[in-house]
Structures are given as C-alpha cells and as structure tokens.
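Enquirer: Just a sequence and a predicted model for now, questions to come.
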Amino acid sequence: MATDLARHALGRIGIWTQAFDAQPAGRVREAAAEIEELGYGALWYGEAFGRDAVSQAWLLLSATRRIVVATGIANIAFRDPIALAGARRSLGEAFPGRYVLGLGGHRIDDTVRELDGYPLPTRGRAVTTMRAYLDAMDAVPAHSPVPDPAPRQVLAALGPKMLALAAERTWGTHTYFVPVAHTERAREVMGPDAFLGAEQAVVLDTDPARAREVATVHVAAYLSLAPHQVANLRRLGFGDQDFADRPSARLVDALVAYGDVDAIRDRVRRHLDAGADHVCVQVLSADPAALPLTAWRELAPALARV
C-alpha cells in the first residue's frame with residue numbers, strides 16, 4: 001500500500017461528484033466547505049463540458065482549508081501538456097499538499113475530435129499517448145516557483161498496462177466504475193507501494209426497486225458512452241448477457257452499492273480490504289444535477305468508522 005503519510009493526506013474516504021457543474025459558484029463553495037466539515041478527506045470531481053478541471057480546483061481549494069482536492073480526472077484531450085504542467089505547479093504552490101492531479105487518457109475519444117478537430121492517435125494507443133503526455137509535462141521548464149513537495153499525480157487506469165504505467169510514472173491510480181474484483185487486481189499489478197484510490201457509486205435508499213433503478217440508469221449511461229469501461233468489465237468476467245438492452249442485475253450490483261448506510265459502508269470496506277488506500281464515494285440520485293447533501297451528511301459518521 002501507499003505510505004502512511006500519503007494515506008493520511010487524503011484519509012480513507014472521500015467524495016466524488018459531478019454535480020458541481022450544474023451549480024452556481026457560490027453554492028459550490030458552500031457545499032465544498034460543508035463536505036470538509038463533515039470530515040471527508042478528499043473531494044474528487046470529474047471533467048466533462050462544465051467548468052474545466054483547473055478552474056474547478058481553484059474554486060474548491062479556495063473555499064476550503066484542509067481537505068485534499070483531486071481531479072478525477074482532468075482530460076488530457078482538453079489541454080496542452082505545457083498548460084497543465086503550469087497549472088499543476090501553480091495549484092501546488094498556492095495550496096501545498098492539498099492538490100492531486102488525476103489524468104485521463106481520452107485523446108482517443110471521437111467526441112473531442114468532433115468538437116475541435118484535434119488530431120488523435122489510432123485507437124488502442126491510450127498507454128502510448130499517456131506516456132508521451134507525461135514525458136511532455138516533465139519536459140516543461142519552470143519559470144515560476146516549484147512547489148515542494150510537488151503535487152501528487154495519478155492516472156485513471158483500468159487495464160494492466162495503464163495500471164503499470166501509473167505505478168511506474170506517477171503516485172498511483174484513480175479507478176472509476178469498477179467492482180471490488182478490479183481493486184484486487186489493480187493492487188496485484190501495481191504492487192504494494194503505489195496509491196490506489198477507487199471510486200464507488202452508491203444509492204442511499206432502502207427501497208430496493210427504486211435504488212436499483214437509479215443504479216441501472218447510471219450503469220447504462222456509462223456502458224453506452226465508454227467502450228473502454230465495457231472492455232474492462234469483460235476482462236473481469238462479464239459478458240454479452242450483462243450488456244444487453246439493460247445492464248444485468250449482476251453487473252449493476254457489482255458496480256453500485258445501494259441500500260442503507262451499513263450496506264454502503266460494507267462495500268467501501270471491501271474495497272479497502274482488497275487493497276485500496278482510499279475510496280471516493282459517488283452518491284447517485286434520480287437527479288444527477290442535484291447536490292446530494294442529505295446523503296453526504298448521513299454517510300459521513302458511518303464511513304468515518306471503516
């Protein structure tokens with residue numbers, strides 16, 4: 001596992017959310033401050049077509065005092081390596097020890113090419129692309145103060161080659177949309193020292209039918225938009241019957257924990273037992289744009305005891 005110091009920096013439990021993009025900046029500041037006061041160790045957020053990852057980091061870090069803010073992930077298709085290297089240094093200098101840069105290798109995504117015409121490599125070369133991107137970031141000269149220690153950097157990684165690259169070139173990995181079985185395999189690939197932070201989607205609802213429906217909608221959306229996620233799940237033993245018109249109950253149950261606080265805490269503990277250093281919990285609801293403040297509040301004391 002990652003060092004005790006690294007574990008302490010983020011704690012064992014964080015929050016992952018995409019809901020900030022739909023909220024005004026003032027509301028985001030208030031929510032981030034409350035998440036910190038609830039005792040969560042880290043605040044992870046994604047990047048799509050709302051606020052860019054760097055702007056969101058400044059917003060969240062400036063609204064809080066202690067919590068670690070982490071991109072989960074900053075999309076390398078959206079910015080040049082020089083720009084991201086400079087942003088990483090600036091955030092690390094302004095907020096020492098509180099920023100983690102998570103990078104994702106999505107220059108192979110046709111959506112980006114359709115939007116801006118950026119030249120993309122051949123499909124299937126995500127690891128090569130990411131390695132080249134890291135090389136380019138490392139080569140950027142520093143004409144401003146270099147933070148000490150440097151901000152931690154992790155890769156979004158699913159397959160064994162990207163996991164190995166994460167362990168070789170960065171602090172570790174941030175995995176997303178994965179069952180506990182993947183956490184166990186990732187730890188085996190990366191060895192005991194690399195950081196492993198796993199996202200876990202949850203629905204805090206004791207009505208099984210209603211909770212599973214919310215979970216199913218979430219899983220179906222990713223299966224339709226993210227072929228690399230489907231490929232990863234196939235490596236874990238899921239097959240065509242799990243990816244039919246609607247994702248199978250077996251697949252949904254493996255990816256999303258739902259029920260009461262105890263059920264969610266048990267799933268989080270399973271990731272930790274399988275080798276995760278940190279679990280960032282993504283609370284799902286029928287309205288993905290809404291801030292799940294009630295669930296964050298209810299889960300906080302229980303997750304503090306895992």
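Expert: All right, it came through fine. Numbering: from 1, shown residues only.
Enquirer: rest of the way, CA atoms for contacts and neighbours
Expert: Will do.
Enquirer: Select the longest helix from the chain.
Expert: helix 208-225 (DSSP state H).
Enquirer: what's that one in contact with?
Expert: Applying Cα atoms under 8 Å, 6 or more residues apart in numbering, the external contacts of helix 208-225 come out as 202-205, 229-230, 243, 246-247, 252, 255-256, 258-259, 284-286.
Enquirer: same thing but 10 Å
Expert: 109, 111, 177, 201-205, 228-231, 233, 243-249, 251-253, 255-260, 284-288 (Cα atoms under 10 Å, 6 or more residues apart in numbering).
Enquirer: cool, stretch 165-172 as well?
Expert: In contact with stretch 165-172 (Cα under 10 Å, 6+ apart) are residues 2, 6, 100-103, 127-128, 130-131, 134-135, 151-157, 160, 162-164, 173-174, 187, 189-197.
Enquirer: Give the pairing partners of the longest strand along the chain; include direction for each.
Expert: In the chain, taking DSSP state E as the definition, the longest strand is strand 195-204. If you go by DSSP bridges, strand 195-204 pairs up with strand 172-175 (parallel), strand 256-259 (parallel), strand 278-283 (parallel).
Enquirer: Tell me the helix or strand right after the longest helix of the chain.
Expert: helix 227-235 (DSSP states H and E).
Enquirer: on that earlier part again, generate a PyMOL selection restricted to the buried subset of the contacts of stretch 165-172.
Expert: To isolate the buried members of the contacts of stretch 165-172 in PyMOL, using 16 or more other Cα atoms under 10 Å:
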select buried, resi 2+6+100+101+102+103+127+130+131+151+152+153+154+155+156+157+162+163+164+173+174+187+189+190+194+195+196+197
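Enquirer: deepest of the strands paired with strand 195-204, which one?
Expert: strand 172-175 (a mean of 28; mean count of other Cα atoms under 10 Å).
Enquirer: returning to that earlier point: now the longest strand of the chain against helix 208-225, angle please.
Expert: 130 degrees (axes from the mean of the first three to the mean of the last three Cα atoms, to 10 degrees).
Enquirer: Which positions within strand 195-204 qualify as buried?
Expert: 195-204.
Enquirer: again, but for stretch 207-223
Expert: 210-212, 214-220, 223.
Enquirer: ok, Val154 - contacts?
Expert: 70-73, 100-104, 166-167, 169-175, 194-197.
Enquirer: hmm, I was thinking of Thr206
Expert: 258-261, 263 are the contacts of Thr206 under Cα under 10 Å, 6+ apart.
Enquirer: With Ala276 instead?
Expert: Contacts for Ala276 (Cα under 10 Å, 6+ apart) come out as 1-2, 12, 173-175, 180, 183-184, 186-187, 194-199, 268-270.
Enquirer: try 7 Å this time
Expert: Ala276 makes contact with 183, 196-198 under the criterion Cα atoms under 7 Å, 6 or more residues apart in numbering.
Enquirer: so what pLDDT did Ile264 get?
Expert: Note for Ile264: predicted pLDDT of 98.
Enquirer: oh, I was asking about Ala77
Expert: 85.
Enquirer: what about it, distance to Thr129?
Expert: 10 Å (Cα to Cα, to the nearest Å).
Enquirer: circling back: okay, among the contacts of Thr206, which ones form the most distant pair?
Expert: Tyr258 and Val261 (8.6 Å; Cα to Cα).
Enquirer: Between the two, which contacts overlap?
Expert: Common neighbours of Tyr258 and Val261 (Cα under 7 Å, 6+ apart) are Leu204.
Enquirer: in the protein, which spans are helices?
Expert: 4-10, 25-37, 53-62, 81-94, 110-116, 126-138, 160-169, 180-190, 208-225, 227-235, 249-255, 261-274, 293-303.
Enquirer: what's the closest of those to Tyr45?
Expert: helix 53-62 (8.2 Å).
Enquirer: quick one, the closest one and helix 81-94 angle?
Expert: Using the same axes, to 10 degrees: helix 53-62 against helix 81-94 is 0 degrees.
Enquirer: Give the buried residues for helix 53-62.
Expert: Buried, per 16+ other Cα under 10 Å, within helix 53-62: 53-54, 56-61.
Enquirer: what's the closest non-adjacent residue to Ala290?
Expert: Here the nearest residue to Ala290 in space, its sequence neighbours aside, is Ala19; by Cα to Cα, 6 or more residues apart in numbering that works out to 6.1 Å.
Enquirer: surely the one you found meets Pro292?
Expert: No - the pair Ala19 / Pro292 is not scored as a contact, 8.5 Å apart, by Cα atoms under 7 Å.
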